[in-house]
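Undergrad: generate a structure from the sequence data that follows.
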Amino acid sequence: MKRRGMSRVVLILVILITILAGAILFVFLPESAYKGFLNSVKLNSSASIQQAKECKLEKGEWVSGLAEIQSANEGERIALSVRGAKCQSISIRMKVFDSEGNLVQDLGERKFVRDKAVAFWFATPGEFYFEASHDFDSVTSGKIEIIPKSQETITTAKENAPSAAGGSGGASSGGASGSSSASKTASCSPPKYTSDLKNPKVCDYRLIQQNKYSELDLTELGMTKRGWSLNGGHLLAHGYPLETVLSFSKEDVAKNFDKYLNNHPELKKDTSDFINIDIEEELMANRIEQNYGNDTELQKKVMAAIKMRIEVVREALPNAKLVLWNTPNVHSKGNKNNPGQIQQMIGHKKMAQAGVYDELDYFITNLYIRYGPDDGPLFYTYEDMTRLGVESALEMTNGKGEHLPVIAAMGGHIANLNSNNAFQKVPEEVSRKQIEIINEYEGVEIVAYWFGHDNYSGINVLEFLQDVSPAPAECFCPKQGTGKSGN
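TA: Here you go, the predicted model:
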């Protein structure tokens, strides 16, 4: 008993000495040891961010910093992301101040999960103040990004951040936080066609078309056109018997794709837009197990053929964000126990293990509506289908075991030839309900509406999007709402 007592005393002394030594070390650390995680963010000439002031990086406390936005264009978007060891979630509070320290806009608070960016819109250039509460054990790196309203994304540099033990314990300087109480908030006007959906998790809404960019003006919708759907035929994946498709070499496919790019100069080779690789028919990703599960060798050849075509696109468009269509395309009634659904997920797992998904930046879940109002009870299965589509995509991984962010693909027509409403317009309230469901999940970063062209299937695309109003007003002006409700 005495020995145990002595051991406890020694242990307590060791702990006290360790704490004292850590405190002494912290006091004498050079400033460079605890600068914030926005140390030296590099942007092009259209905008610049100066080094953030001190950041507090202790578990469970607030990180705060001050960055100055110069020459920012009105309507540009700020995204902040942080990577952390054992990170579960992070809450971000954003505010914008003018050069005199007056509050221009309070962007509210958002929460997002590990390694995912959260985006806020701001109205004017000026000083950009942020606060972040986190439950990291340590912070390993951070990134801040300015995404222009009509230009391609400006990529920023990542810098290593100090660990929690090296945090400064200080708040930001420069008068931003101290001026909040005496500041005046400028009014904020979201785009005309936005929804009243509260606390949205997705603020990136896009319109994509097949082999082209839309000519529609989406300004009043708060949407962008930063996506391109590439028909797999241009990768020699369609229009031939399977044996012929599998016989094409990488050189054959690359040569054909290069011709395609030359015929579509609007698709820049340095684009950072997302490219939907729309491979269907014999090489359709969601039918790998169903079609070839009984022939292991043929299945391997098919997976290798898909992988090679993704590599061709990656080599030709090195900065693009790549996605492969139908990753996944879930059971039309939302039944996760359906044999076809089970087979599909087995196939996706095999594709991942074969490295097919290693060049992808996102998974894209097909949430097209399959049944219409004249299909009886089947019409009401779309909610289960939407949930299963999102959950299945979030479940999937690449060959490294990494979960990818998800793009939710939406359509404006009933995508089912067997429906009594085949190719008719999706009811707007159905599309709005899908948006509401999607925003229940962490991990979906983009909602992309696909239409073949601006008047696809007799649908006036602009009017349809205006009626749906997909983007929430809170993405632009937190706690404000206009237009249609997503609830």
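
Undergrad: tally of neighbours for residue 455?
TA: Counted by other C-beta atoms under 10 Å, the residues lying close to residue 455 total 11. The C-beta positions use only the backbone N, C-alpha and C, and glycine is treated the same way.

Undergrad: residues in contact with it?
TA: Each residue near residue 455 by C-beta atoms under 8 Å, 6 or more residues apart in numbering is listed here: residue 461.

Undergrad: any idea how far it lies from residue 403?
TA: According to C-beta to C-beta, to the nearest Å, residue 455 stands 37 Å off from residue 403.

Undergrad: check residue 390 too.
TA: Distance, residue 390 to residue 403, using C-beta to C-beta: 13 Å.

Undergrad: neighbour count winner among those two?
TA: Remark: of residue 390 and residue 403, residue 390 carries more neighbours, 22 against 16, as counted by other C-beta under 10 Å.

Undergrad: what about the nearest residue to the more buried one once chain neighbours are set aside, which helix or strand?
TA: The shortest distance from residue 390 to any non-neighbouring residue, by C-beta to C-beta, 6 or more residues apart in numbering, is to residue 441 (5.1 Å). According to DSSP states H and E, residue 441 maps onto no helix or strand at all.

Undergrad: now for residue 441, how many residues are close by?
TA: Neighbours around residue 441, by other C-beta under 10 Å: 17.

Undergrad: ok, now which ones touch it?
TA: 201, 390, 391, 394.

Undergrad: would you indicate which residues of stretch 442-461 are buried?
TA: Buried positions in stretch 442-461, judged by neighbour count with 16 or more other C-beta atoms under 10 Å: 442-451, 456-457, 459, 461.

Undergrad: and these, which is closest to residue 197?
TA: residue 447 (11.5 Å; C-beta to C-beta).

Undergrad: host element of that closest one?
TA: Assessed by DSSP H and E, residue 447 sits inside strand 444-450.

Undergrad: that strand - contacts with which helices or strands?
TA: Based on contacts counted as 3 or more C-beta pairs under 8 Å, 6 or more residues apart in numbering; DSSP states H and E, the elements that strand 444-450 packs against are strand 205-208, strand 227-231, strand 274-278, helix 382-395, strand 406-411, helix 428-438.

Undergrad: kindly recompute the last result at 7 Å.
TA: Packing partners of strand 444-450 (3 or more C-beta pairs under 7 Å, 6 or more residues apart in numbering; DSSP states H and E): strand 205-208, strand 406-411, helix 428-438.

Undergrad: contact partners of that strand?
TA: Strand 444-450 has contacts (C-beta atoms under 7 Å, 6 or more residues apart in numbering) with 116, 201-202, 204-208, 227, 229, 390, 405-412, 435, 438, 465, 470.

Undergrad: repeat that for 8 Å
TA: Identification of contacts with strand 444-450 by C-beta under 8 Å, 6+ apart yields 116-117, 201-202, 204-210, 223, 227, 229, 274, 276, 362, 364, 390, 393-394, 405-412, 435, 438, 465, 470.

Undergrad: tell me the buried residues within these.
TA: 116-117, 201-202, 204-209, 223, 227, 229, 274, 276, 362, 364, 390, 393-394, 405-412, 435, 438, 465, 470.

Undergrad: any low-confidence regions in this protein?
TA: Residues of the chain meeting the criterion pLDDT under 70: 1-187, 479-487.

Undergrad: care to break it down by domain?
TA: 32-182, 205-475 (automatic domain parsing).

Undergrad: in its sheet, what does the strand holding residue 447 sit against?
TA: Here strand 444-450 has these sheet partners by DSSP bridges: strand 205-208 (parallel), strand 406-411 (parallel).

Undergrad: can you show me the CA trace of the first one as PDB?
TA: Pointing back at strand 205-208 there. Extracted in PDB, the C-alpha atoms of strand 205-208 (Å, rounded to 0.1, in the frame of the first residue of the first chain):
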ATOM      1  CA  TYR A 205     -26.100  24.900 -57.200                       C
ATOM      2  CA  ARG A 206     -25.200  24.400 -60.900                       C
ATOM      3  CA  LEU A 207     -26.700  23.800 -64.300                       C
ATOM      4  CA  ILE A 208     -24.900  21.400 -66.600                       C
END
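
Undergrad: still on that earlier bit, of all the helices and strands packed on strand 444-450, which one is nearest residue 334?
TA: The minimum distance between residue 334 and these falls on helix 428-438, with 10.9 Å, by C-beta to C-beta.

Undergrad: can I get the CA coordinates of that closest one in PDB?
TA: C-alpha atoms of helix 428-438 as PDB (Å, rounded to 0.1, in the frame of the first residue of the first chain):
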ATOM      1  CA  GLU A 428     -41.700  21.800 -59.000                       C
ATOM      2  CA  GLU A 429     -42.800  20.900 -55.400                       C
ATOM      3  CA  VAL A 430     -41.100  17.500 -55.900                       C
ATOM      4  CA  SER A 431     -37.800  19.100 -56.900                       C
ATOM      5  CA  ARG A 432     -38.000  21.400 -54.000                       C
ATOM      6  CA  LYS A 433     -38.700  18.500 -51.600                       C
ATOM      7  CA  GLN A 434     -35.600  16.800 -53.000                       C
ATOM      8  CA  ILE A 435     -33.500  19.900 -52.200                       C
ATOM      9  CA  GLU A 436     -34.800  19.800 -48.700                       C
ATOM     10  CA  ILE A 437     -33.900  16.200 -48.200                       C
ATOM     11  CA  ILE A 438     -30.400  16.600 -49.700                       C
END
